[in-house]
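please find the sequence and the predicted model below.
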Amino acid sequence: MNSRRTFVKQTGVSLLALALPIPLISYSKSRFMTTENRFDVIIIGGSYSGLAAGMALGRANRKVCIIDGGKPCNRQTPHSHNFLTQDGQTPAAIAALAREQVENYPTISFREDFVVAGSKTADGFEITTQSGDSFTAKKLIFATGIKDIMPAIEGFSECWGISAIHCPYCHGYEYSHMSTGILANGDMAFELGKLISNWTKDLTVFTNGKSVLTAEQTEKLTKHGIRINEMVIERLEHTGGYLENIVFKDGNKTPVSAIYSRPAFEQHSIIPQQLGCKLTEQGYISIDPMQKTTVPGVFACGDNTTPMRSVANSVAMGTMAGVAASKEIIDEAF
């Protein structure tokens, strides 16, 4: 201690400075991994399916990181339905309660970020986020959803999820017996016409141009009182996303309360494909009954894997993905 005091006296360096650890050279997080960046499972996407997967893994005492950008596809949908105990609740409220419950498990952590890259490693996977952080995991679960490609009709995107809807089982009850449209043509128009006729008889198919329905399909729709309108649509008149009129290029308009549509979509994240995950003919991530993709160690759940877009279905698929990923880790270690 005396030699230290002599050094202090000669140099003017304080004892406090001598007590501090020598600083290490700073490197970017993306170059060097710490134990804080290593997980059993990384879940990409933190909405219903991702949170359900996280809960299953948290209850299996797995170290998990859930990475989510905070922009769910149903963020402007006013109410969620067909989910027992939560029927009529807002999507945001359901997600908030789910997150609160998942946060109770100490092995689960959350990061608000976007995953921009992923690669296979010797013992699992490495992913990189938009902020430049890198993380590794034994398993990956993609709960990234899909991105709807809105038709080039003014007002459609503002109405999407509110009065421009895709599923009668999710939202049809609220528009029962009201004037309703179907924005589709050909086989899709026919199938939707048949389906939606269960909820309302005041129904019109808007082909937005020349109809390509077959003669037989046209006859059947007409027989059931379903009208076919071939005029080109210019815009949707609405108030706060609630549809009032369909306005055509020629200036005419037709009052409707809701319109059904199945717009084109693309995967919200291309990383599963970059890792080698195969897609189905419809564009969904191909999975088996255990939510396993075609790449070992990679799972997928929720809207990115199925046309059945509902909160209840997403939760069920997420739970299965979490259980299957945990079981796979157990089997590999036993």
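Here it is on my side, so go on. Every value quoted in this text rests on a predicted model; they were computed, and no experiment measured them. Numbering: from 1, shown residues only.

for the helix or strand harbouring Gln274, packing partners?
Following DSSP states H and E, one finds Gln274 within helix 271-275. Under the contact criterion of 3 or more CB pairs under 8 Å, 6 or more residues apart in numbering; DSSP states H and E, helix 271-275 touches strand 115-121, strand 134-142, strand 298-300. For the C-beta atoms, the positions are set from N, CA and C on the backbone; glycine is no exception.

which is the next helix or strand following the longest one?
In other words, strand 134-142. strand 146-148.

tell me which residues of the helix or strand following that following strand come out buried.
Next along the chain after strand 146-148, taking DSSP H and E as the criterion, comes helix 156-159. Neighbour counts over helix 156-159 (16 or more other CB atoms under 10 Å) mark 156-159 as buried.

same check, this time on stretch 55-65
Buried residues in stretch 55-65, counted by 16+ other CB under 10 Å: 55-58, 60, 62-65.

what lies in contact with it?
Here stretch 55-65 makes contact (CB atoms under 8 Å, 6 or more residues apart in numbering) with 38-43, 54, 98, 101-102, 104-105, 107-111, 135, 137, 318-319, 321-323, 325-326, 329.

only whichever of these are buried, select them in ChimeraX.
Selecting only the buried entries of those in ChimeraX, with 16+ other CB under 10 Å as the criterion:
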select :38,39,40,41,42,43,54,98,102,105,107,108,110,135,137,318,319,321,322,323,325,326,329
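
do me a favour and get the backbone dihedrals for the residue nearest the centre of the chain.
By CA atoms, centre = their mean, the chain has its centre lying nearest to Gly145, at 2.8 Å. Backbone torsions for Gly145, taken as degrees, to the nearest 10, come to phi 70, psi -170.

for Gly318, see how far away it is.
Separation of Gly145 from Gly318 (CB to CB, to the nearest Å) stands at 12 Å.

helices of the stretch 201-334 of the chain, start to end?
Secondary structure of the stretch 201-334 of the chain, counting by DSSP state H, counting those that start in this stretch: helices at 215-223, 271-275, 311-333.

most packed of those helices?
helix 311-333 (a mean of 20; mean count of other CB atoms under 10 Å).

tell me the contacts of the residue nearest to Thr294 when sequence neighbours are not counted?
Once flanking residues are discounted, Thr294 sits nearest to Lys278: 4.4 Å by CB to CB, 6 or more residues apart in numbering. The neighbours of Lys278, taking CB under 8 Å, 6+ apart as the test, are 285-286, 293-294.

ok, and the most crowded of the residues you listed?
The most crowded member of those, judged by other CB atoms under 10 Å, is Ile285 (26 neighbours).

run through the chain and note the low-pLDDT ranges.
1-35, 73-74 (pLDDT under 70).

ok, Glu332 - contacts?
Glu332 makes contact with Lys138, according to CB under 8 Å, 6+ apart.

repeat that for Ser157.
So Ser157 contacts Met150 (CB under 8 Å, 6+ apart).

quick check: it vs Ser47, distance?
20 Å.

got it, and Asn104?
18 Å.

hmm, Val205 is touching Leu221, no?
Yes - in terms of CB atoms under 8 Å, Val205 counts as a neighbour of Leu221; the distance is 6.6 Å.

returning to what we had before: joint contacts of Gly145 and Gly318?
Common neighbours of Gly145 and Gly318 (CB under 8 Å, 6+ apart) are Gly302.

re earlier: common neighbours of Val205 and Leu221, please.
With CB under 8 Å, 6+ apart, Val205 and Leu221 have common neighbours 193, 213, 228.

now the last one, nearest residue through space, not along the chain?
By the measure of CB to CB, 6+ apart, the closest residue to Ile228 outside its immediate chain neighbours is Val205, 5.0 Å from it.

and that neighbour, how many neighbours?
27.

and what of Met290?
Using other CB under 10 Å: Met290 sits among 13 other residues.

please report the distance of it from Ser197.
37 Å.

how close does the residue nearest to the centre of the chain sit to Ala53?
When Gly145 is compared with Ala53 (using CB to CB), they lie 13 Å apart.

again with Leu140
Distance from Leu140 to Ala53, by CB to CB: 11 Å.

compare these two (neighbour count), which wins?
Just comparing Leu140 and Ala53: by other CB under 10 Å the higher neighbour count belongs to Ala53, 35 against 28.

tell me how far that one lies from Leu195.
31 Å.

for Asp187, helix, strand, or coil?
When classified by DSSP: H, G, I helix; E, B strand; the rest coil, Asp187 comes out as helix.

contact partners for it?
Asp187 neighbours (CB under 8 Å, 6+ apart): Gln217.

got it, and Leu243?
159, 163-164, 236-237, 256-259.

any idea how far the closest residue to it other than its chain neighbours lies from Ala184?
Residue nearest to Leu243 in three dimensions, not counting chain neighbours: Ser163, with 4.0 Å by CB to CB, 6+ apart. Ser163 sits 16 Å away from Ala184 when distances are taken as CB to CB.

in terms of neighbours, single out the busier of these two.
Under the neighbour definition other CB under 10 Å, Ser163 and Ala184 were set side by side, and Ser163 has more, 26 against 22.
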